[in-house]
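[1] Structure, please.
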Amino acid sequence: MNAERMIFILGPTATGKTRVAALAASALGAEVISADSRQVYRGMDLGSGKDMEDYVVEGGRVPAHLIDIADAGSRYSIYDYSRDFDRAVREITQRSRPVVVCGGSGMYLETALGLYSLAEAPEDPVFREKAAGMSDEALAQMLQGLSDLHNTTDLTDRGRLIRAIEVAMADNDRDHDFPQRIVKANRQLIFGISMPRVLIRERITARLKARLEAGMLNEVSQLLNSGVSPEDLRYYGLEYRYLTMHLTGEISYDEMFSSLNTAIHQFAKRQMTWFRRMEKKGLKIRWLDGMNGPEFNAEIIAAAYRDN
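    Residues are numbered from 1 along each chain as shown. Predicted structure coming up:
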């Protein structure tokens, strides 16, 4: 993580944090780095909530990094993100511009904040043999038991759970310096966008309907037709998992909508659980009321950066 002070804007899905980040970045002459585990993939737009119009401010486009940098169907890892994040920070700071990090993917945010050191974690054949006989719930509990840092926010696929456990086991012996990492992370300006839970649920459902009407099923169908396998799409979780299940005849449209809507609600709840857990660990998050609107919150963030 770069020593320069950065702005972090986090929050659960459907709270409008991307627009806040773009407006704050525009006001400061900054550039945005995405911390979203699915927006890295090309061709995965509606399903990942990738709306590049959010980055258009007063007719100009705010520079946004780590979006559309990997092929759909590939497995972009947390190690890839760590490497690319560091490179993006170096490039932006060399231009003497501030950095705004925006996203809601727990493991990506942990990495960007420097909350654990990443070392290459090889696949563990002994553990994988054991994992073959474990349920997804048991694997999730194992991951949470290994380290409070790790989470199941965006681990909606069994393969991702297993890989996250291997990473957690590799990193577990480094947790002794976690208090020092929290101190370093708190040198950054960390903001969270919050809304009442009922409103988030309403926004999630409305957004899902809008994306389906905008052609999200067609997007997934095109990915399948381009050669991306159903297994790879399920790996990406949420929209891509359930829409693939519908398109391959496993579930009906109504079952898809109901299951996906519920899964996204649960995802938002897990995101908030992660943020609250990290606050208990000492991470200082300044929460802003999303009901005040993106312009108002962006002004608060920009002013805080100028004052520091």
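
[2] Grab the nearest non-local neighbour of the residue most central in space within the chain.
    Note on the chain: the residue nearest the mean C-alpha position is residue 105, at 2.2 Å, using C-alpha atoms, centre = their mean. Setting aside the residues directly before and after it, residue 105 is nearest to residue 37 in space (C-beta to C-beta, 6 or more residues apart in numbering), at 4.2 Å. To be clear about C-beta, it is placed using only N, CA and C from the backbone, and glycine gets the same treatment.

[3] how deep is the one you found tucked in, by neighbour count?
    23 (other C-beta atoms under 10 Å).

[4] Need phi/psi at it.
    With angles defined as degrees, to the nearest 10, residue 37 sits at phi -70, psi -10.

[5] Could you pull up the contacting residues of it?
    Contacts here follow C-beta atoms under 8 Å, 6 or more residues apart in numbering; on that basis residue 37 touches 76, 81, 105, 107-108, 154.

[6] before we move on, what about residue 136?
    158, 161.

[7] Next: the one 3 residues further on.
    Residue 139 sits next to 131, 158, 161-162, 165 when contact means C-beta under 8 Å, 6+ apart.

[8] most surrounded residue in the residues you listed?
    residue 165 (24 neighbours).

[9] Which residue, other than its chain neighbours, is closest to residue 253?
    Closest to residue 253 by C-beta to C-beta, 6+ apart is residue 246, at 6.0 Å.

[10] Please disregard the earlier target; I meant residue 78.
    Using C-beta to C-beta, 6+ apart, the closest residue to residue 78 is residue 107 (5.5 Å).

[11] Can you pull the phi and psi angles for the one you found?
    The phi/psi pair for residue 107 (degrees, to the nearest 10) is phi -70, psi -30.

[12] measure it to residue 71 for me?
    21 Å (C-beta to C-beta, to the nearest Å).

[13] returning to that earlier point: can I get the contacts of residue 139 in CSV with pLDDT?
    Output for these, formatted as CSV (pLDDT from 0 to 100):
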residue, pLDDT
131, 95
158, 83
161, 83
162, 89
165, 86
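
[14] Restricted to helices, list those.
    131, 158, 161-162, 165 (DSSP state H).

[15] got JSON lines for the contacts of residue 139, with distance to residue 187 too?
    Shown next, in JSON lines, are the contacts of residue 139 (distance: C-beta to C-beta, whole Å):
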{"residue": "131", "distance to residue 187": "38"}
{"residue": "158", "distance to residue 187": "37"}
{"residue": "161", "distance to residue 187": "32"}
{"residue": "162", "distance to residue 187": "34"}
{"residue": "165", "distance to residue 187": "30"}
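
[16] Check the residues you listed against residue 199 and report the nearest one.
    Residue 199 lies nearest to residue 161 out of the contacts of residue 139, by C-beta to C-beta, at 30.2 Å.

[17] so the closest one makes contact with residue 140?
    Yes - judged on C-beta atoms under 8 Å, residue 161 makes contact with residue 140 at a distance of 6.2 Å.

[18] residues contacting the nearest residue to residue 64 once chain neighbours are set aside?
    Distance criterion C-beta to C-beta, 6+ apart; nearest residue to residue 64, sequence neighbours excluded, is residue 32 at 4.6 Å. Applying C-beta under 8 Å, 6+ apart, one finds that residue 32 lies in contact with 21-22, 25, 55, 62-65, 100-102.

[19] now swap in residue 239 and tell me
    When contacts are counted by C-beta under 8 Å, 6+ apart, residue 239 touches 46-48, 211, 216, 220, 260.

[20] quick one: it and residue 146, what's the gap?
    Distance from residue 239 to residue 146, by C-beta to C-beta: 28 Å.

[21] got it, and residue 74?
    26 Å.

[22] Please identify which of the two sits among more neighbours.
    Taking neighbours as other C-beta under 10 Å, residue 74 and residue 146 compare with residue 146 leading, 17 against 13.

[23] Make sure the more buried one is actually in contact with residue 167.
    No - counting by C-beta under 8 Å, residue 146 does not reach residue 167; the two are 9.4 Å apart.

[24] rewinding a little: looking at residue 107 and residue 71, which one has more neighbours?
    residue 107 (27 against 13).

[25] Pass me the low-pLDDT residue ranges in this structure, would you?
    Low-confidence segments of the chain (pLDDT under 70): 1-3, 116-121, 147-156, 171-176.

[26] which helix is the longest one in it?
    Max-length helix for the chain by DSSP H is helix 253-280.

[27] other SSEs contacting the helix or strand just after that helix?
    Scanning forward in sequence from helix 253-280 by DSSP states H and E, the next helix or strand is strand 286-289. Applying 3 or more C-beta pairs under 8 Å, 6 or more residues apart in numbering; DSSP states H and E, we find strand 286-289 packed against strand 189-194, helix 294-307.
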